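>>> predicted model, plus sequence, below.
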Amino acid sequence: MDPLLIITAVGVFVAACAFITTIWQAAITRKHNRMSVKPHLTTWTTTIHEGRSYAVHLMNNGLGPALITKYEVLVDGE
């Protein structure tokens, strides 16, 4: 077998592996970038003055904007 043919085949194989790895890494990076800018809403409640006042806190701990289009205040399901 010709040594030049073997070297060429190995070079093509290495180039193909590098190309596939680059495409895979680009897809993972794109997914990570989309996930890193999502909003992450956190809520917690506080009772003040022996149960007379009740506070609900809402905080966006994510990097992206949290668009709130609707909210409801319910007391005992109503």
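Sure, I can see it. Residues are numbered from 1 along each chain as shown.

>>> only C-alpha atoms for contact and neighbour calcs from this point on.
Noted.

>>> mind listing the helices for the chain?
Per DSSP state H, the chain carries helices over the ranges 3-36.

>>> check it and tell me which residue is nearest its centre.
Central residue of the chain (C-alpha atoms, centre = their mean): Met35, 1.6 Å from the mean position.

>>> could you report the separation of that residue from Thr69?
To Thr69, Met35 is 21 Å away according to C-alpha to C-alpha, to the nearest Å.

>>> now Ala18
To Thr69, Ala18 is 46 Å away according to C-alpha to C-alpha.

>>> more neighbours, those two?
A side-by-side neighbour count of Ala18 and Thr69, using other C-alpha atoms under 10 Å, places Ala18 first with 12 against 5.

>>> still on that earlier bit, any figure for the gap between the residue nearest to the centre of the chain and Thr42?
Going from Met35 to Thr42 by C-alpha to C-alpha gives 17 Å.

>>> what of Ser53?
Separation of Ser53 from Thr42 (C-alpha to C-alpha): 20 Å.

>>> likewise Trp24?
33 Å.

>>> just to revisit the earlier point, for the residue nearest to the centre of the chain, give me the pLDDT.
If you check Met35, the pLDDT there is 81.

>>> what do you get for the one 10 residues further on?
According to the per-residue confidence, Thr45 scores 84 in pLDDT.

>>> now do the same contact list for the residue nearest to it when sequence neighbours are not counted.
Nearest non-adjacent residue to Thr45, counting by C-alpha to C-alpha, 6 or more residues apart in numbering: Val56, 4.5 Å away. When contacts are counted by C-alpha atoms under 8 Å, 6 or more residues apart in numbering, Val56 is found next to 43-46.

>>> what stretches of the protein score poorly on pLDDT?
51 (pLDDT under 70).

>>> need the outlier residue of the chain, farthest from its centre.
The C-alpha centroid of the chain is most remote from Met1, which lies 51.2 Å away (C-alpha atoms, centre = their mean).

>>> for the residue nearest to the centre of the chain, give its distance to Asn61.
13 Å.

>>> and Phe19, by the same measure?
Distance, Phe19 to Asn61, by C-alpha to C-alpha: 37 Å.
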